[in-house]
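Peer 1: here's a sequence, model it:
(one chain, ligands or ions: 1)
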Amino acid sequence: MITLETTFAGLKLKNPLIAASSGLTNSISKIVELDNAGIGAIVLKSLFEEQIENHSEKLSQITDYPEAGDYINTYIQMNHMGKYLDLIRSAKEKCNVPIIASINCYKSAKWIDFAKTIQDAGADALELNLFVLNAGEFGDTYLEDTYVSIVREIKKVIHIPVIIKMAKNISNLPGLISKLKALGADGVVLFNRFYQLDIDINSMEITSGPVFSNPTDFSDTLRWTAIVSGRVPDFDIACSYGVHSWEDAIKGILAGATSIQLCSILYEQGADAVTNMLTCLEEWMDQNNFSSLAEFKGKLNYANIKSPYMYERVQFMKYFSSYK
Ligand SMILES: Cc1cc2nc3c(=O)[nH]c(=O)nc-3n(C[C@H](O)[C@H](O)[C@H](O)COP(=O)(O)O)c2cc1C
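Peer 2: Now for the predicted structure:
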């Protein structure tokens with residue numbers, strides 16, 4: 001008898017597929033569709049602190065009275081929060097899988113206010129979508145220090161699992177993740193994909209780049225999943241960014257992930273992709289005589305293979321020698 005059960009960040013999942021935070025997880029109808037397709041857990045669309053602030057700032061400029069401006073700010077923030085809390089409550093009511101809330105904030109105090117309210121609304125866990133681009137205005141360790149201080153503060157006030165959705169460009173990823181684990185973080189998502197930009201050479205303007213990832217993005221995700229899984233044992237990883245097939249999901253688990261987050265594939269193929277991936281995953285396990293994910297999870301991670309330097313290889317020397 002094959003079971004696809006797994007755990008992620010202290011949550012019990014019936015299978016490893018998690019719907020990543022996106023526009024596909026911002027309404028109850030789309031969430032229910034994913035639940036019906038068999039998804040193992042759902043991360044709601046992030047609540048963006050910046051969005052709330054910009055919105056309220058613009059509206060408060062309409063009035064000349066500072067007190068009225070304060071009132072509008074508070075009203076709008078509460079309205080945004082209220083809608084988000086309603087989404088958590090109805091997702092909990094209508095779905096049978098863990099509902100993970102997601103917040104994107106950049107000021108410590110705000111993160112904490114949001115986190116407590118979200119916990120009280122019934123979210124099963126909280127994913128922190130945190131990134132500040134350092135275009136030279138901050139010190140070398142600003143981003144790492146921000147991750148550390150936010151996890152430290154948030155763990156003091158909430159008891160639901162805290163998941164960190166990591167950016168790729170961290171100088172010492174295993175080192176930072178070890179620190180976050182020591183501070184009580186319950187799991188990590190490798191990786192977040194941020195807004196991509198492009199340049200239009202005709203209008204000579206900055207434009208939007210591709211919205212979705214593509215299959216070649218997965219190699220980096222796999223590399224870091226394997227390294228972090230080997231370097232930071234007993235810490236749950238959700239493999240994310242570039243998962244475009246059921247084979248990718250298996251590779252992520254072999255590299256050490258306990259769960260797999262899906263986004264672009266769900267936009268491209270719809271919720272049916274979940275059902276198909278689960279069927280193929282089970283068939284592959286059957287063919288390879290595995291009855292649980294634990295039997296092959298991390299089999300090929302950095303600590304479990306004979307030549308871990310395979311994961312450190314970044315230069316193309318050999319590749320170039322065969323491509324004259
Ligand atoms: C349209 C869209 C909206 C997204 N919104 C969010 C968001 O609100 N919060 C977040 O943490 N990630 C967001 N993401 C990132 C995804 O959760 C995911 O990390 C990223 O797309 C990489 O996974 P993929 O390769 O499966 O697409 C969004 C992605 C897309 C395409």
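Peer 1: identify the spatial nearest neighbour of Asn26, chain neighbours not counted.
Peer 2: For Asn26, ignoring the flanking residues on the chain, the nearest one in space by CB to CB, 6 or more residues apart in numbering is Lys45 at 3.7 Å. C-beta here means a position set from N, CA and C on the backbone, and glycine is covered the same way.
Peer 1: quick one: contacts for that neighbour?
Peer 2: Listed by CB atoms under 8 Å, 6 or more residues apart in numbering, the contact set of Lys45 reads 21-23, 25-26, 102.
Peer 1: mind checking how far it is from Thr275?
Peer 2: Distance of Lys45 to Thr275, given as CB to CB, to the nearest Å: 22 Å.
Peer 1: spell out, range by range, the strands that occur in this protein.
Peer 2: Assigned strands in the chain, in chain order: 6-8, 11-13, 17-19, 41-43, 47-48, 99-104, 125-129, 162-166, 187-190, 197-200, 205-208, 236-239, 259-262 (criterion: DSSP state E).
Peer 1: dump the ones you listed to TSV, plus mean pLDDT.
Peer 2: TSV is the format used below for the strands of the chain (pLDDT from 0 to 100):
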stretch	mean pLDDT
strand 6-8	98
strand 11-13	98
strand 17-19	98
strand 41-43	98
strand 47-48	86
strand 99-104	95
strand 125-129	95
strand 162-166	96
strand 187-190	98
strand 197-200	96
strand 205-208	96
strand 236-239	98
strand 259-262	98
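Peer 1: please produce a markdown table containing these, extended by distance to Phe114 and mean neighbour count.
Peer 2: A markdown table is the format used below for the strands of the chain (distance: least, CB to CB, whole Å; neighbours: other CB atoms under 10 Å):
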| stretch | distance to Phe114 | mean neighbour count |
| --- | --- | --- |
| strand 6-8 | 22 | 23 |
| strand 11-13 | 20 | 19 |
| strand 17-19 | 21 | 29 |
| strand 41-43 | 15 | 26 |
| strand 47-48 | 6 | 20 |
| strand 99-104 | 5 | 26 |
| strand 125-129 | 9 | 25 |
| strand 162-166 | 12 | 25 |
| strand 187-190 | 18 | 28 |
| strand 197-200 | 27 | 10 |
| strand 205-208 | 27 | 10 |
| strand 236-239 | 21 | 28 |
| strand 259-262 | 21 | 27 |
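Peer 1: tell me the residues of the protein that contact the ligand?
Peer 2: 20-23, 45-46, 102, 129, 165, 192-193, 211-213, 240-243, 262-265 (CB under 6 Å from any ligand atom).
Peer 1: repeat the analysis, applying 5 Å as the threshold.
Peer 2: Within the chain, the positions adjacent to the ligand are 20-23, 45-46, 129, 192-193, 213, 241-242, 263-264 by CB under 5 Å from any ligand atom.
Peer 1: can you pull out the low-pLDDT segments for the stretch 101-250 of the chain?
Peer 2: Applying pLDDT under 70 to the stretch 101-250 of the chain picks out residues 107-110.
Peer 1: rerun at 80
Peer 2: For the stretch 101-250 of the chain, the stretches with pLDDT under 80 are 105-111, 113-114, 132.
Peer 1: in it, which spans are helices?
Peer 2: Secondary structure of the stretch 101-250 of the chain by DSSP state H, counting those that start in this stretch: the helices cover 108-120, 142-157, 173-182, 218-231, 246-255.
Peer 1: other SSEs contacting the longest one?
Peer 2: Under the contact criterion of 3 or more CB pairs under 8 Å, 6 or more residues apart in numbering; DSSP states H and E, helix 142-157 touches helix 108-120, strand 125-129, strand 162-166, helix 173-182.
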